[in-house]
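Visitor: The following comprises the amino acid sequence and a computationally predicted model.
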Amino acid sequence: MEVSRRTFIKTTIVGGAGVSVFGFSLGPIYAQARGLKIDRTTETRSTCPYCSVSCGVIIHTIGDKAKNVTPQVVHVEGDPDHPINRGTLCPKGSSLEQEIVNERRLLKPQVRRPGSDHWDDISWDDAFNEIGRWVKKTRDETFVEKDEKGLTVNRCEGIGWIGGCTDTNELNYLAVKTMRSMGVCYFETQARV
Amino acid sequence: MFSWDANIKRVRELAESLTPATELLTFYETVLASQKQIYESLRGRRDWLPSGSLEADISVLREHAPSFLQSVLSVAPPALAEQAGVPDELLLEYWNNRSDKLFFPKAFLQPYAQWSVQSGALSRQSPAAENRCPYCFGKPQLSFLRVSEAGSESGNRHLLCATCLSSWEFRRVVCASCSEERPFKLEYFKSGEYDHVRIEACESCKQYIKGIDLTRLGLAVPLVDDMATAALDLWAAEKGYAKIELNLVGL
């Protein structure tokens, strides 16, 4: 009778006498196996979102596939198979797990008033309105239409913009288009530290 | 490079710590000691080197059979003792099909195969599949992670050959049996009790390989630590996974 691999092992270990294929008694090991608490993780290859070196990373996620359980990232390491970094990571890449799960991540907009010693929560709508007013005011006050040689430059020199390398391409594209169309030149989307 | 002494030292340490796997480890210590003896005897043999062909070398190997069998039989359970014997036909049959159910040929030939690799008789080739030993085309006994790149904290994945005990570099995030690469099909099962050992399983082919992470425990010795974590194998079997290659205690 052709016995499949799985059946062969299952019947000799699990089914009956608790004896291995070669006759070792597995009772105590069986007992140990019952008491094990097993975690399930998956490994996913990804790219570090920071600088343009684009090192490979492996993200370890814990979770048991149940539909209403959100998988949780538990470890991020360099991808040893990646030709660019071969498993190494700079300090920013090494802390990627924190970038994902740290409880101090900002989840809402906040504002720090001039001279204040703390950050206040602000609603999205209020933040939009206030930022909009400040942008308009600053641009109106600092706009340079022509430089000292008389060339038309249309620069807004009073605003600087910091994008985010961990943001998506789509968001940074929109940010660049919006800011450049207003004449902003001081622009940084990448923290090349 | 494979070290018999490192394996023997580790198996003693773990056997002495009196875990449920002690019986298996004590048995394996005897097997390893006997295998080491064969290895050293072959290696020390004057005017003889392995030829790369088992048929040609078998007459020399035969000389080591009696003491090997005696040694193993002194510690083997009855069911295993029934299979005892390493006649030529069985050795050749094993060499052709590499079945992990043939304890005696597998254990007997490991030192010979290892010496064949070390002496250059079996040289590194390009096997047909990346999950086969490039020296002797054997199947992977286990997987282990070890840092290869200076400055990296991340372990490169290697496979260890069940036939000749050599290791070769493999890839992370891929099934060692069926080459499945989709992350959601590959699962890693670990118990808090063994931080450095995990079951690397595949949902596509329902097979698994034991993964030993030397970056978490540098003192681990893959072959021995696989055996010591037999509880994980029982867990995996119960969940319906089959090990790619059973080890020498049949788990």
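Guide: That came in fine, so what should we check first?
Visitor: would residue B:190 count as being in a strand?
Guide: Yes: under DSSP: H, G, I helix; E, B strand; the rest coil, residue B:190 sits within a strand.
Visitor: What strand or helix carries the nearest residue to it once chain neighbours are set aside?
Guide: Nearest residue to residue B:190, sequence neighbours excluded (CB to CB, 6 or more residues apart in numbering or on different chains): residue B:198, at 4.2 Å. (Each C-beta comes from the backbone N, C-alpha and C, glycine too.) Using DSSP states H and E, residue B:198 falls within strand B:197-202.
Visitor: check contacts around the closest residue to residue A:80 other than its chain neighbours.
Guide: Leaving out its chain neighbours, the residue that sits closest to residue A:80 by CB to CB, 6+ apart is residue A:87, at 3.5 Å. The contact partners of residue A:87, by CB atoms under 8 Å, 6 or more residues apart in numbering or on different chains, come to A:77-80, B:147-149, B:152-156.
Visitor: quick one: secondary structure of residue A:87?
Guide: coil.
Visitor: Please tell me how far it sits from residue A:167.
Guide: Counting by CB to CB, to the nearest Å, the gap from residue A:87 to residue A:167 is 26 Å.
Visitor: Would you map the helices across chain B?
Guide: Applying DSSP state H to chain B gives helices spanning B:4-16, B:22-43, B:54-62, B:65-73, B:78-81, B:88-97, B:103-118, B:222-228, B:230-238.
Visitor: and among the ones you listed, the most buried is which?
Guide: helix B:222-228 (a mean of 25; mean count of other CB atoms under 10 Å in any protein chain shown).
Visitor: near chain A, which residues of the stretch 151-251 of chain B?
Guide: B:151-157, B:171-173, B:183-184, B:186-193, B:206-207, B:230-232, B:234-235, B:237-238, B:240-243, B:246, B:249-251 (CB under 8 Å from any CB of the partner chain).
Visitor: filter those residues to the buried ones?
Guide: B:152, B:154-157, B:171-173, B:183, B:186-191, B:206-207, B:230-232, B:234-235, B:237, B:241-243, B:246, B:249-251 (16 or more other CB atoms under 10 Å in any protein chain shown).
Visitor: how long is stretch B:130-137 end to end?
Guide: 10 Å (CA to CA, to the nearest Å).
Visitor: what is the rounded mean pLDDT of that stretch?
Guide: Regarding stretch B:130-137, the rounded mean pLDDT is 96.
Visitor: buried set for that stretch?
Guide: Quick answer for stretch B:130-137 (16+ other CB under 10 Å): B:131-137.
Visitor: And whatever residue of chain A ends up closest to chain B, how close does it get to residue B:76?
Guide: Nearest residue of chain A to chain B, counting by CB to the nearest CB: residue A:23, 2.8 Å away. Distance check for residue A:23 against residue B:76: by CB to CB, it reads 8 Å.
Visitor: out of those two, which sits in the busier spot?
Guide: residue B:76 (22 against 18; other CB atoms under 10 Å in any protein chain shown).
Visitor: The more buried one: what's it in contact with?
Guide: A:22-23, B:27, B:84.
Visitor: Out of the residues you listed, the closest to residue B:219 would be?
Guide: residue B:27 (21.9 Å; CB to CB).
Visitor: ok now do that closest one, which residues does it touch?
Guide: A:24, B:75-76, B:249.
Visitor: so how far is residue B:150 from residue B:187?
Guide: For residue B:187, the distance to residue B:150 - CB to CB - is 31 Å.
Visitor: OK, contacts around the residue in the stretch 51-200 of chain B positioned nearest to chain A?
Guide: In the stretch 51-200 of chain B, the residue found nearest to chain A is residue B:79; the distance is 2.8 Å by CB to the nearest CB. By CB under 8 Å, 6+ apart, the contact set of residue B:79 is A:19, A:22-23.
Visitor: May I see the domains of chain B written out as residue ranges?
Guide: Per automatic domain parsing, the domain ranges recorded for chain B read B:4-118, B:140-243.
Visitor: I'd like those domains laid out as CSV, including mean pLDDT and distance to residue A:31.
Guide: Output for the domains of chain B, formatted as CSV (pLDDT from 0 to 100; distance: least, CB to CB, whole Å):
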stretch, mean pLDDT, distance to residue A:31
domain B:4-118, 96, 7
domain B:140-243, 96, 9
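Visitor: how about those domains in TSV, adding distance to residue A:54?
Guide: What follows is the domains of chain B, written out as TSV (distance: least, CB to CB, whole Å):
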stretch	distance to residue A:54
domain B:4-118	38
domain B:140-243	16
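Visitor: Tell me which of those approaches residue A:103 most closely.
Guide: domain B:140-243 (22.9 Å).
Visitor: For that closest one, measure first residue to last.
Guide: 10 Å.
Visitor: domains of chain A?
Guide: According to automatic domain parsing, the domains of chain A span A:5-35, A:41-101, A:110-188.
Visitor: Which one of those domains lies nearest to residue B:31?
Guide: domain A:5-35 (11.2 Å).
Visitor: Perfect, that will be all.
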